[in-house]
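*Asks:* the amino acid sequence is not available; the structure is as follows:
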């Protein structure tokens, strides 16, 4: 009779045995990763492009509105600080 720890290791696939003869296979992990990346690209690519296009438009609109607010043009210096000219 095997111990509960050894049985759990075999069930999870850490240790080869009755449930999984070879343990964890690296090929299965690679194939699963590749399939996940490809399917994720096709599922999420269009919504992400729409989201980022909308965010860029909002940022451009905010920058255009903030840049001329108060009649004083503001720019960013090399440290990222806003200065009025």
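*Replies:* Okay, I see it. Values in this document were obtained by computation on a predicted structure and should not be read as measured data.

*Asks:* every contact and neighbour count from this point should use C-alpha atoms.
*Replies:* Noted.

*Asks:* can you get me a residue count around residue 2?
*Replies:* Using other C-alpha atoms under 10 Å, residue 2 has 7 other residues around it.

*Asks:* look up phi and psi at it.
*Replies:* Dihedral angles of residue 2 (phi, psi; degrees, to the nearest 10) stand at phi -90, psi 150.

*Asks:* can you give me the distance of it to residue 10?
*Replies:* Note on residue 2: its distance to residue 10, by C-alpha to C-alpha, to the nearest Å, is 10 Å.

*Asks:* count of residues packed around residue 41?
*Replies:* Using other C-alpha under 10 Å, residue 41 is surrounded by 12 other residues.

*Asks:* wasn't it part of a helix?
*Replies:* Yes - assessed by DSSP: H, G, I helix; E, B strand; the rest coil, residue 41 belongs to a helix.

*Asks:* so where do the strands sit in the chain?
*Replies:* Along the chain, the stretches classed as strands by DSSP state E are 74-76, 82-84.
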